[in-house]
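A.B. asks: Give me the fold of what follows.
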Amino acid sequence: MLRRRHLPALAMPVTAARAGLTLLGIRVAPGAEAAFAALAARLQDTSLRLVPGAAGECGALAFGARPAGPALLPFAGFPCGMAAAELRHWLGTADGQALWAAGFARRGLHAFPLAAVTRAAPPDSPAPGCAHGAVVELALPPAVLAGLPAACRAALEAACAAAWAAAETLPTVPALAPPAAAESVQRWWAMVTAAPEATALRLAERYRAARLAALFGTLPAA
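C.D. replies: Predicted coordinates for the structure are as follows:
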């Protein structure tokens, strides 16, 4: 039985080949287990295996990089933010993909979107329990990705793309927060978009444009 090893993320990016297999240790965040299982199933006929939480944490499967910076908060989701279908549509556009890549690059990561889901805001949110969209992604340091054998990297990229293409599109309209909570979210969003990273990446302007595109009928999602 594999035991968790407390190793730095890059100390052991890929385990030694075992019976011709390459094992990649992945930390799976609570709520992302189904996406992990679906991705792992797509890799069963390849030489790459994903191992949850074992053999060194080479990457993470979660909702936005932890801690999510301003550029990634729209994709991690927040109350009164985009619904799952809106996020999926946005990531089908050049601007959404560019913001996604820039946000993860600032955290030293390369990320593959796997699914857009609906989840409840956590207790420390401005509107706890309010449903909103969120993107589940697999995030890896570029050095880990580059260290994979070519066949494994190709298999991983293909499996991630197939998982995203096959993922179910969930509700288009996010749940509305109570008025008091909505005011809290507005104040919180104003602070987020005033952060240096957010202003450098024009987060408020790009997010507003994406919401308007959804409002004026560019859905269904890409």
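
A.B. asks: State the distance spanning the first to the last residue of stretch 53-71.
C.D. replies: Criterion C-alpha to C-alpha, to the nearest Å; first-to-last residue distance in stretch 53-71 is 27 Å.

A.B. asks: where's that stretch relative to the chain centroid, distance-wise?
C.D. replies: Counting by C-alpha atoms, centre = their mean, to the nearest Å, stretch 53-71 is centred 9 Å from the centre of its parent chain.

A.B. asks: element containing the residue nearest to the spatial centre of the chain?
C.D. replies: In the chain, the centroid-proximal residue (C-alpha atoms, centre = their mean) is E137; its distance is 3.1 Å. Assessed by DSSP states H and E, E137 sits inside strand 131-140.

A.B. asks: and that strand, what does it pack onto?
C.D. replies: Applying 3 or more C-beta pairs under 8 Å, 6 or more residues apart in numbering; DSSP states H and E, one finds that strand 131-140 contacts strand 59-62, helix 73-76, helix 84-90, strand 110-120. For every residue, glycine as well, the C-beta is placed using N, CA and C.

A.B. asks: Let's test this: mean pLDDT of the third one, rounded?
C.D. replies: Per-region confidence: helix 84-90 scores 89 on mean pLDDT.

A.B. asks: Which strands or helices does that helix pack on?
C.D. replies: helix 73-76, strand 110-120, strand 131-140, helix 203-215.

A.B. asks: any residues touching the first one, and which ones?
C.D. replies: It refers to helix 73-76. For helix 73-76, contacts defined as C-beta atoms under 8 Å, 6 or more residues apart in numbering pick out 63-64, 68, 81-82, 87, 90-91, 99-100, 103, 113, 134-135, 137, 192, 203, 207, 210.

A.B. asks: Just want the angle from the strand or helix carrying G25 to strand 131-140.
C.D. replies: Remark: G25 resides in strand 22-28, with elements defined by DSSP H and E. In terms of direction (axes from the mean of the first three to the mean of the last three C-alpha atoms, to 10 degrees), strand 22-28 departs from strand 131-140 by 150 degrees.

A.B. asks: Scan the helices and strands of this structure for the one with the lowest mean pLDDT.
C.D. replies: helix 179-193 (a mean of 85; mean pLDDT, DSSP states H and E).

A.B. asks: Give the other helices and strands that that one contacts.
C.D. replies: Identification of packing neighbours for helix 179-193 by 3+ C-beta pairs under 8 Å, 6+ apart yields helix 203-215.

A.B. asks: average pLDDT across the helix it packs on?
C.D. replies: For helix 203-215, the mean per-residue pLDDT is 88.

A.B. asks: Tell me the helices and strands packed up against that helix.
C.D. replies: Against helix 203-215 (3+ C-beta pairs under 8 Å, 6+ apart) you get helix 73-76, helix 84-90, helix 94-105, helix 179-193.

A.B. asks: L215: which of the ones you listed is closest?
C.D. replies: Ranking the helices and strands packed on helix 203-215 by distance to L215, with C-beta to C-beta as the measure, places helix 84-90 first at 9.1 Å.

A.B. asks: low pLDDT regions in the protein?
C.D. replies: For the chain, the stretches with pLDDT under 70 are 1-19, 54-56, 66-67, 169-178, 217-222.
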